[in-house]
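Peer 1: compute the structure for the input listed below.
(chains A, B and C)
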Amino acid sequence: MNIIDTIFKFNGGIKADTKKSVSTVRPIKKIKMPKQLILPLRQHVGKVAKLKVNIGEKVLKGQLLAEADGNVSAAIHAPTSGTVASLEKQLIPHPSGLPDYCVTLIPDGKDTWVEKKPINWKKIDRKETIKKISESGIVGLGGATFPTHLKLNNNNEVKTLIVNAAECEPYITCDDMLMREKSAELIEGIRLALHLLGAQNAIIGIEDNKPEAIEKLALLIKNDANISIKIVPTIYPSGDAKRLIYLITGIQIAKGKRSTEYGMQMFNVATIIALYKFIHCGEPSITRIITITGKVRTPNNYEVLFGTPLSDLIIDAGGKASQNGSFIMGGPMMGYKLPSVNVPVTKAMNCVIDAEPEMIENNNPVLPCIRCAKCAEACPVNLQPQELFWFSQSNQFEKAENYNLFDCIECGCCSYVCPSNIPLVQYYRYAKSEIISDRYAKEEADIARERNDFRLERLQREKEERAKKIAERKANTSSDEKSKVIDEKRKAITEALERVKQEGVSEKND
Amino acid sequence: MLTSVLVVLFLALLIGSILGFSSIKFKVDGDPIIDKIDSILPQTQCGQCSYPGCKPYATAIAKGEADINQCPPGGEDGVRKLAELMGVEYKPLNEEHGAIKPKSIAIIDEDTCIGCTLCIQACPVDAILGSAKHMHTIIEKECTGCELCLPPCPVDCIDMIAIQENTENWKWKYPVFNIKNQKQRVSH
Amino acid sequence: MANNYLLIIISTVLVNNIVLTKILGLCPFMGVSKKLETSISMSAATAFVLTIGSMTSWAINHYLLEPNDLVYLRTLTFIVVIAAVVQFTEMLMEKNFPFLYRMLGIFLPLITTNCAVLGIPLLNAQASHTLLESAFFGFGGAIGFSIVLILFASLRERLDGANVPLPFKGTAIAMTTAGLMSLAFMGFIGLDR
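Peer 2: Modelled structure (predicted):
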């Protein structure tokens, strides 16, 4: 065990008031079983999960509701026992505020588990274990929701596992509380993840504003030479994957490369604990820790079942669930305004803030960009935010791309420091989604062109074949016979003509 | 006087022979611009441009026979890109070739369909499945929304449905601010 | 001697810039400066034509016109020579860079009537430069033209994204920018000597 404190500081970033202490005074709480659970079929990056149960069917806790569709997808399990009531479009936590397909589950209150099947990971092949994990529904619980089995299964040799315990965004404390209360599970989970990755050592990257968690973890890894802790300063966004890797190792992941190409893989603490629960206890991904904070009376962390209505949590925390549209999901830097509180808790929901009005609506006057380049100083990715803004706001997307728009992690540091109050990240998001939809349209056009070309070729081929057939048929009706018939006809005609001539001659002679 | 005529004549002969030689040497064959134009066109193959498909229209533009503003599915954006590529001024879409519509796909009302296969023959991208006297259906993913299947249908069982915004194709919007809500600028 | 050539280059590029100080060649300066990419290729084409053109014009002036006392034919013969060089460049471009050829469009043959391109050989003849001097003069003029054209195109590309008041949109703001650039280049006066 060792605590390392040499770090490699990245450029930029901001030191903001973290406002974390308000939600760490009380232990993680559970609330009573809600009346219904709403489970969106899309809670992860990739393809929508395929429904595997019928409406009206009774399911047990942990039973598969929808299976992963292909490799880049994740399964969804029943968070409790009950009846599948419906499959319909309902409001989900998504920045668009648009509804999506959700399964509604009415709990029966008994909370009976299906037969749990823990996996003896030390005995069986790790590839097989990873295959089992692809059915667990575990996705990156830090908020990215990328299917975890894909991160375990990669072609590059991974030497180091980096555990992302930085949790750099203000307000959010769910990982901190998880580490305090489930530190033993976390360490066991890290050993498991090391085995699955075939990695030798693990480094826990944690911000220095979590002394209690650091102390607990340090105690547990005292005798383990493979796991170490690295304390990083509290600078937002130290929790971004590439920033944290740089802080810990001093290695910069080049544009377009993955960390695994450098022998590193990163998991969030909550994801590791979900892995631990699945392998050791046979429990699929059905709960998570979520921070409810902000203006609510008792800010708290909750361990909740996926699908729990957010309004239940808000009411339990002493907030007013009636004031729609003033809640932020995620942190104040990268989060977005929820369309309503009547949305379910999903795999991505790590924090909900009952927000002050000024956190949602930027009421300060938006002034022109004066090119002060404060944003360039703050950018942790070393981009030129003022140039990106200039090209995004004028729809010059190609140039924005040339300025590496897609390397932007949308951390919001630039907007935070902008003296003109320009919501820069909103412009980047707009430009990015325009570019992505353009690319998609282009792909579709290419497919259409290919299909059209193929059709034209087919028509041409059919035409040629038909012409060939006709020619063959002609050739087959034996040419001798034909010519005979024609010869006879010709003969008859010439004879007739001659007769007419002769008659004419004789007439003249008369 | 005579020398000046001779000098000019000499120059003309010299330059003429040099240019004549180089025009043979640098002869251009083929026109790569057609593919470039074709890649801008939306490939709906709808024929609204009065050419039988996107490629023929691209060829016509390259030859200078067709104007750049005859493609409604490509929209104003498409015209702008073509203008940039061809180095000509942007001009608004020619309304004779139809108006801009939201991107939509064809849906066959499967109860009314009599299985005549006429739409299958009309579809430029083979996006309709079915056989004689059996119900037809459209592969949504492949449909370009060209509407070419509408006129041949004897029972009018094909409808064009505009694609709705959902969580998958949703885009972040251009930031707008409510000026009324903004605090007044402090005047000094 | 080398000093002399350096002086010619500095003078033509900065002090007596053909576009901004002599106000020659404004047609491509306004016409091809919308995109950086086209302006770069336009500058390259013009530089080529100018250097070759001023050298051949010198040869014609020196070996054909002056010995035969036909100096009055200068403008006529120079135009013919330049037209030929432009034609030649056009063929080269169409063969090797068909997209650039398309993008430059009418402005490529219009190099022929570019007053800068005709102006420089005439100025050469007036100043009775030697062959090398004319080549430097032509090349320097071309570099000056290119610098200004590329700078201006970059400015205009950025201006595309600016929130320009409606009456100033398009050519108006471009003209204003050109004027300001011209003012800025006046700062180079007094650099030599």
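
Peer 1: leaving out the residues flanking it, which one is nearest to the closest residue to chain A within chain C?
Peer 2: Nearest residue of chain C to chain A (C-beta to the nearest C-beta) works out as residue C:161 at 3.0 Å. (Each C-beta comes from the backbone N, C-alpha and C, glycine too.) Spatially, and ignoring its direct neighbours in sequence, residue C:161 is nearest to residue A:394 (3.0 Å; C-beta to C-beta, 6 or more residues apart in numbering or on different chains).

Peer 1: list the contacts of that neighbour.
Peer 2: C:160-162 (C-beta atoms under 8 Å, 6 or more residues apart in numbering or on different chains).

Peer 1: element containing residue 6?
Peer 2: Unless you meant another one, I'm taking chain A. Secondary structure assignment for residue A:6, by DSSP states H and E: no helix or strand.

Peer 1: correction: the question concerned chain C.
Peer 2: Counting by DSSP H and E, residue C:6 is found in helix C:2-10.

Peer 1: for that helix, what is the average pLDDT?
Peer 2: Helix C:2-10 shows a mean pLDDT of 82.

Peer 1: check which residues of that helix are buried.
Peer 2: Of all the residues in helix C:2-10, those buried under the rule 16 or more other C-beta atoms under 10 Å in any protein chain shown are C:5, C:8-10.

Peer 1: which stretches of chain A have low pLDDT?
Peer 2: Applying pLDDT under 70 to chain A flags the ranges A:1-5, A:321-325, A:361-362, A:478-482, A:504-510.

Peer 1: need the residues of it near chain C, please.
Peer 2: Contact residues (C-beta under 8 Å from any C-beta of the partner chain) of chain A with chain C: A:368, A:390-391, A:393-394, A:396, A:399.

Peer 1: highest neighbour count among the residues you listed?
Peer 2: Using other C-beta atoms under 10 Å in any protein chain shown as the neighbour definition, the residues of chain A next to chain C reach their maximum at residue A:391, which records 23 neighbours.

Peer 1: residue contacts, that residue?
Peer 2: A:397, A:399-400, A:403, A:431, C:161 are the contacts of residue A:391 under C-beta under 8 Å, 6+ apart.

Peer 1: from those, which land in strands?
Peer 2: In strands, judged by DSSP state E, none of the contacts of residue A:391 are found.

Peer 1: pick out whichever of the residues you listed sits closest to residue A:410.
Peer 2: residue A:431 (11.3 Å; C-beta to C-beta).

Peer 1: which non-adjacent residue is nearest the closest one?
Peer 2: Closest to residue A:431 by C-beta to C-beta, 6+ apart is residue A:392, at 3.8 Å.

Peer 1: cool, residue B:94 as well?
Peer 2: Per C-beta to C-beta, 6+ apart, closest to residue B:94 is residue B:69, 4.8 Å.

Peer 1: so that neighbour sits against residue B:88, correct?
Peer 2: No. Using C-beta atoms under 8 Å, residue B:69 makes no contact with residue B:88, being 10.2 Å away.

Peer 1: buried residues, stretch A:356-373. List them.
Peer 2: Burial within stretch A:356-373, assessed by neighbour count using 16+ other C-beta under 10 Å, is assigned to A:359-360, A:362, A:366, A:369.

Peer 1: how far away from the center of its chain is that stretch?
Peer 2: 29 Å (C-alpha atoms, centre = their mean, to the nearest Å).

Peer 1: can you pull the residues of chain B lying near chain A?
Peer 2: Residues of chain B lying near chain A (C-beta under 8 Å from any C-beta): B:38-39, B:41-45, B:53-55, B:124-127, B:142, B:144, B:165-167, B:169-175, B:177-178, B:181-185.

Peer 1: buried ones only from those, please, as a ChimeraX command.
Peer 2: Per 16+ other C-beta under 10 Å, the buried members of those correspond to this ChimeraX selection:
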select /B:38,39,41,42,43,44,45,53,54,55,124,125,127,142,144,167,172,175
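
Peer 1: which residue ranges of chain B form helices?
Peer 2: With DSSP state H, the ranges of helices along chain B come out as B:2-25, B:33-40, B:54-63, B:75-86, B:118-122.

Peer 1: spatially nearest residue to the one residue sitting closest to the centre of chain B, not counting backbone neighbours?
Peer 2: In chain B, the centroid-proximal residue (C-alpha atoms, centre = their mean) is residue B:41; its distance is 3.1 Å. In this structure, residue B:41 finds its nearest non-sequential neighbour in residue B:54, 4.3 Å apart by C-beta to C-beta, 6+ apart.

Peer 1: so what's the one you found up against?
Peer 2: A:449, A:452, B:38, B:41-45.

Peer 1: what's the burial count for residue 40?
Peer 2: Picking chain A for this. 28.

Peer 1: actually, chain C is the one I wanted.
Peer 2: Residue C:40 has 16 nearby residues by other C-beta under 10 Å.

Peer 1: put the alpha carbons of the one helix or strand residue C:83 maps to into CSV.
Peer 2: Assigned by DSSP H and E, residue C:83 belongs to helix C:74-96. Taking Å, rounded to 0.1, in the frame of the first residue of the first chain, the C-alpha atoms of helix C:74-96 are listed here in CSV:
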residue,chain,number,x,y,z
ARG,C,74,5.0,47.4,-75.8
THR,C,75,1.5,47.3,-74.5
LEU,C,76,0.3,45.2,-77.4
THR,C,77,3.0,42.6,-77.3
PHE,C,78,3.1,42.4,-73.5
ILE,C,79,-0.6,41.6,-73.5
VAL,C,80,-0.2,38.9,-76.1
VAL,C,81,2.7,37.4,-74.1
ILE,C,82,0.8,37.5,-70.8
ALA,C,83,-2.3,36.0,-72.4
ALA,C,84,-0.2,33.2,-73.6
VAL,C,85,1.4,32.6,-70.2
VAL,C,86,-2.1,32.6,-68.6
GLN,C,87,-3.4,30.2,-71.1
PHE,C,88,-0.5,27.9,-70.4
THR,C,89,-1.1,28.2,-66.6
GLU,C,90,-4.7,27.4,-67.1
MET,C,91,-3.9,24.2,-69.0
LEU,C,92,-1.5,23.2,-66.3
MET,C,93,-4.1,23.8,-63.6
GLU,C,94,-6.9,22.0,-65.4
LYS,C,95,-4.7,19.0,-65.8
ASN,C,96,-3.2,18.9,-62.4
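
Peer 1: going by contacts, tell me the helices and strands next to it.
Peer 2: Identification of packing neighbours for helix C:74-96 by 3 or more C-beta pairs under 8 Å, 6 or more residues apart in numbering or on different chains; DSSP states H and E yields helix B:2-25, helix C:36-59, helix C:98-104, helix C:115-126.
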